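# Mind looking at a prediction? Sequence and model below.
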Amino acid sequence: MQAREIFQRYELKYLIPFDKYKAIAKALIDSGKMRYDKFGDGYGRYNIVSLYFDSDDKKIYYETRNKLRFRQKLRLRVYDNATINSPAFLEVKQKFNKVVNKRRTKIKLADAYDYIKFGRNSENGLEEYNPSNPQILEEVEAFRSLYELKPRLVVSYDRQAFHGIEDPDLRVTFDYNLTTRDDNLRIEDGPYGMYFVDPNLSVMEVKVSQSVPFWLARLLSEYECPRKSVSKFCTSTDLLEEQAMKKGRTYTSLIS
């Protein structure tokens, strides 16, 4: 999947009906200004399964829910039909003054699980996990240690993605079939769980390095797409906590 490791951009989110997503996706291609994401199938489609982390006192959740000027997340992500030996990505995603910074390192999923379980080895350090970018894994370790982060929940969804033809930094994605779970945190087991967004809706994101181009802003206006913040992590946490309370159990889940 994508090999790029460092991103800095604005991410604008919209929650739209599924049929409107289909119409906009067609309009993007018909405009001649965007193409299907080359990392997906022939139509830019692929699946994402992510393991999110949080502290016992939910520092990450509250940073996001309260919309702090600076907030960050840690997640482990795989694409499509991953196995324990597939490449995965450990990602630190930060947001400051509406600018999103994402730093990630590729690591074999089995090695990622070992890192989560054992952390830094005093003899060999983090290099024993063979990350593509050791410096970013050091940043992951510092973040994880400072916040005392633990595996918390899995989020999965299907995505269709588009890239700008003349503007390679322009990206539009549509996420659907958004599900979450906390009873099985093995992300190689694939996408399943409870819907935390109505399956008749799609989360659209416009990702730009500067401003949204005029032609795209006009297109979104024509389709009446108001901005709406959607946090996959917070919405999933809310749903799973609600379900846990109904079942009379404590909301804690770790990789065994």
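Done, it's in. Residues are numbered from 1 along each chain as shown.
# low pLDDT regions in the stretch 151-256 of the chain?
Using pLDDT under 70 as the threshold, the predicted model of the stretch 151-256 of the chain has low-confidence ranges 249-256.
# repeat that with 90
168-169, 210-211, 226-230, 244-256 (pLDDT under 90).
# Tell me which stretches of it form helices.
Using DSSP state H, counting those that start in this stretch, the helices of the stretch 151-256 of the chain run over 214-222, 232-247.
# Quick check: the gap between residue 212 and residue 35.
Summarising the geometry, the distance separating residue 212 from residue 35, computed by Cβ to Cβ, to the nearest Å, is 18 Å. Heads up, the C-betas are built off the backbone N, CA and C, glycines and all.
# The two: who's more crowded?
Counted by other Cβ atoms under 10 Å, residue 212 and residue 35 do not tie: residue 212 has more neighbours, with 17 against 13.
# Would you enumerate the residues in contact with that one?
In this structure, residue 212 makes contact with 12, 206, 220, judged by Cβ atoms under 8 Å, 6 or more residues apart in numbering.
# Who wins on neighbours among those?
Taking other Cβ under 10 Å as the neighbour criterion, residue 206 ranks highest of the contacts of residue 212 with 22 neighbours.
# Quick check: closest non-adjacent residue to it.
By the measure of Cβ to Cβ, 6 or more residues apart in numbering, the closest residue to residue 206 outside its immediate chain neighbours is residue 12, 4.4 Å from it.
# so who does the most centrally placed residue in the chain touch?
The residue lying closest to the centre of the chain (Cα atoms, centre = their mean) is residue 50, at 6.5 Å. Residues in contact with residue 50, defined by Cβ under 8 Å, 6+ apart, are 75, 76, 77, 78, 154, 155, 156, 187.
# ok, of the residues you listed, which one's closest to residue 248?
Proximity of those to residue 248, judged by Cβ to Cβ, is greatest for residue 154, which lies at 22.1 Å.
# any idea how far residue 41 is from that closest one?
Taking Cβ to Cβ as the measure, residue 154 falls 23 Å from residue 41.
# for this protein, what spans make up the strands?
Using DSSP state E, the strands found in the chain span residues 6-17, 34-36, 45-54, 70-79, 87-96, 99-108, 150-164, 171-181, 194-195, 201-208.
# Nearest approach to residue 233 belongs to which of these?
The stretch from the strands of the chain with the least distance to residue 233 (Cβ to Cβ) is strand 45-54; that distance is 5.2 Å.
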